[in-house]
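Visitor: Any chance you can model this:
(4 chains)
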There are 4 protein chains.
Amino acid sequence: MTMLDPNAEPRGGTDLSAGLGRTVWVIAEGYIPGTSTGPEPAMLSHETACMLNTGDADAHVEITVYFSDADPIGPYRVTVPARRTLHQRFNDLTDPQPVPRDTDYASVIVSDVPIVVQHTRLDSRQAANALLSTVAFPADGAA
Amino acid sequence: MTMLDPNAEPRGGTDLSAGLGRTVWVIAEGYIPGTSTGPEPAMLSHETACMLNTGDADAHVEITVYFSDADPIGPYRVTVPARRTLHQRFNDLTDPQPVPRDTDYASVIVSDVPIVVQHTRLDSRQAANALLSTVAFPADGAA
Amino acid sequence: MTMLDPNAEPRGGTDLSAGLGRTVWVIAEGYIPGTSTGPEPAMLSHETACMLNTGDADAHVEITVYFSDADPIGPYRVTVPARRTLHQRFNDLTDPQPVPRDTDYASVIVSDVPIVVQHTRLDSRQAANALLSTVAFPADGAA
Amino acid sequence: MTMLDPNAEPRGGTDLSAGLGRTVWVIAEGYIPGTSTGPEPAMLSHETACMLNTGDADAHVEITVYFSDADPIGPYRVTVPARRTLHQRFNDLTDPQPVPRDTDYASVIVSDVPIVVQHTRLDSRQAANALLSTVAFPADGAA
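Guide: Prediction:
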């Protein structure tokens, strides 16, 4: 295992340990299918918020989930440790309550330090899986 | 159901109720296949504009659809209520007229308050479905 | 057919006819598979640059294609008429020469008026098709 | 082969040879499946960072890979020659060590000159392949 030297002078003066990204992210698309095919858990249908924290401080993250015909739920609280990535499945969020299946939703992700968020869905309802992924929309400073 | 307290002090001073996002969004890709496989309606081929309104005011949205060889159609009018998401299928737009099938199109989405728009397509023309999704292009201030 | 009134006062002062978007776009991913399955032309594997010109003036577009081990080719010239979309398949570009198959490439799209560009690929090499799509990277002002 | 004239006056004053893009890019999603179906190498499951360097100077690129429960690895060093694209498979990175399979990761890409980065995954674990692609997040100036 080759560790990065956190005290090394980065190329071009780019200091990754200061934390790359933004503090507010929006994923307008969300849907957890209620059924799956294929071996679990890798092939279980899931929605994932992939978060990267390049900084030296842990990121305390609050996720709020919005619906089409009900009040928002949240915040769900997760931590992305310093210099770590967290690929958080919405399927696994349980507190304050599980995210309902077969229901359209959207989410807002707020962090106390800069992070980068990418949204991925594996849909295994049919024999062939479908994948989608897109960078979330960085909303700080754009509201 | 745990409701968010709209009067609570948000983390880091981020006030979601002020409305995150932009007011003009562009989806340059659009195509509704004329045929589908699989159980409807979940597996019906569809194009969707996923819109999130985190603010306290309803969003009045106008969608204009552009074509390769005909004048644009619109506006289609939809409302995204305060603190709600709307996953609007282009298949379901009927006024002023249905969006033609098997035809290339593009769309512009204009809202009177900030929203976030993500574009998703489920293509079920063949036995295995394909999914795509991408954040729409925020065009206000870039025209 | 309901035409938009180009002289109408747009909601929120958004004048789509001024032309939304940017003038320089980059698609770093490109690959045209050499083989396909399924009925042509809808199911022929293809790479597409979906371009939307909301403005009142025709967009004169120049596409330059870059490779991993050869000099760039171009410009390919296409026109996106005023208030029209053009979903240009890279498969169909022939002048100055066809885009080679089974070859990694990337492309830069420069327009004389603002447009929006989205990149889509249908990959039908196997029985089940795969779709991808993403908004191109707007590079003007970011160089 | 039609070469571009690097001394030609570009349309609208856009000088591609100055180098389009940014110098810091983030891909928060990463996962190399451990198994594949279909003919190799085209159909081998892979994660790719598609990089385009439109400029006249070679781009010296450093890739750092982050994990959920281990320290980051890197930098991996690659060069994107002037006026070339490089579609770098994470599968093929070996120095300082291969990227582990079946493991969530994320990556940061730092270049000494502007480039554009797009992220693509081909997932061929099941009979039908899945593709995803998205422009990476440009993080310079946003940290």
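
Visitor: show me where chain A has helices.
Guide: Secondary structure of chain A, counting by DSSP state H: no helices present.

Visitor: what residue ranges in chain A score low on pLDDT?
Guide: A:1-14, A:35-45, A:122-136, A:139-143 (pLDDT under 70).

Visitor: Which parts of it are strands?
Guide: A:22-27, A:46-53, A:59-67, A:73-80, A:84-89, A:105-123, A:130-135, A:137-138 (DSSP state E).

Visitor: What are the neighbouring residues in contact with the residue nearest to A:Gly74 when sequence neighbours are not counted?
Guide: Closest residue to A:Gly74 apart from its sequence neighbours, by Cβ to Cβ, 6 or more residues apart in numbering or on different chains: A:Thr64 at 3.7 Å. From N, CA and C alone the C-beta is placed, and that goes for glycine too. Counting by Cβ atoms under 8 Å, 6 or more residues apart in numbering or on different chains, A:Thr64 touches A:72-76, A:107-108, A:110, B:4, B:16.

Visitor: can you check A:Thr54 too?
Guide: A:16-17, A:19-21, A:83, D:26, D:66, D:108.

Visitor: ok, now with 7 Å
Guide: Each residue near A:Thr54 by Cβ atoms under 7 Å, 6 or more residues apart in numbering or on different chains is listed here: A:16-17, A:19-20, A:83, D:66, D:108.

Visitor: again, but for A:Tyr31
Guide: A:Tyr31 neighbours (Cβ under 7 Å, 6+ apart): A:Asp104.

Visitor: separation between it and B:Leu93?
Guide: Going from A:Tyr31 to B:Leu93 by Cβ to Cβ, to the nearest Å gives 20 Å.

Visitor: Could you do A:Ile63 as well?
Guide: Distance of A:Ile63 to B:Leu93, computed by Cβ to Cβ: 31 Å.

Visitor: Same drill for these two, tell me which one is more crowded.
Guide: Set A:Ile63 next to B:Leu93 and count neighbours by other Cβ atoms under 10 Å in any protein chain shown: A:Ile63 wins out with 24 against 21.

Visitor: That one reaches A:Pro75, doesn't it?
Guide: Yes - A:Ile63 is within contact range of A:Pro75, at 6.2 Å (criterion: Cβ atoms under 7 Å).

Visitor: Tell me the spacing between A:Leu20 and D:Val24.
Guide: 7 Å.

Visitor: got it, and A:Phe67?
Guide: A:Phe67 sits 36 Å away from D:Val24, going by Cβ to Cβ.

Visitor: Contact partners for A:Glu62?
Guide: Contact partners of A:Glu62, counting by Cβ under 7 Å, 6+ apart, are A:74-75, A:77, A:110, B:11.

Visitor: and the residue lying closest to it once chain neighbours are set aside, how many neighbours does it have?
Guide: Nearest residue to A:Glu62 in three dimensions, chain neighbours excluded: A:Pro75, at 3.7 Å (Cβ to Cβ, 6+ apart). A:Pro75 sits with 21 neighbouring residues when counted by other Cβ under 10 Å.

Visitor: Kindly report the same for A:Ile32.
Guide: Around A:Ile32 there are 20 other residues, counting by other Cβ under 10 Å.

Visitor: phi, psi of the residue nearest to it when sequence neighbours are not counted?
Guide: Distances taken as Cβ to Cβ, 6+ apart place A:Arg101 nearest to A:Ile32, at 5.1 Å, with adjacent residues excluded. Phi and psi for A:Arg101, reported as degrees, to the nearest 10, are phi -80, psi 160.

Visitor: Surely A:Arg101 touches A:Gly30?
Guide: No - contact between A:Arg101 and A:Gly30 fails when scored by Cβ under 7 Å: they sit 11.3 Å apart.

Visitor: neighbour count winner among the two?
Guide: Looking at A:Arg101 and A:Gly30 with other Cβ under 10 Å, you find the greater number of neighbours at A:Gly30, namely 24 against 12.

Visitor: List the residues that contact that one.
Guide: Contacts of A:Gly30 (Cβ under 7 Å, 6+ apart): A:47, A:90, A:104-107.

Visitor: Please identify which pair of those residues lies farthest apart.
Guide: Taking Cβ to Cβ as the measure, those span a maximum distance of 12.6 Å, between A:Phe90 and A:Asp104.

Visitor: More neighbours: these two, which one.
Guide: Neighbours were counted for A:Phe90 and for A:Asp104 using other Cβ under 10 Å; A:Phe90 has more, 22 against 17.
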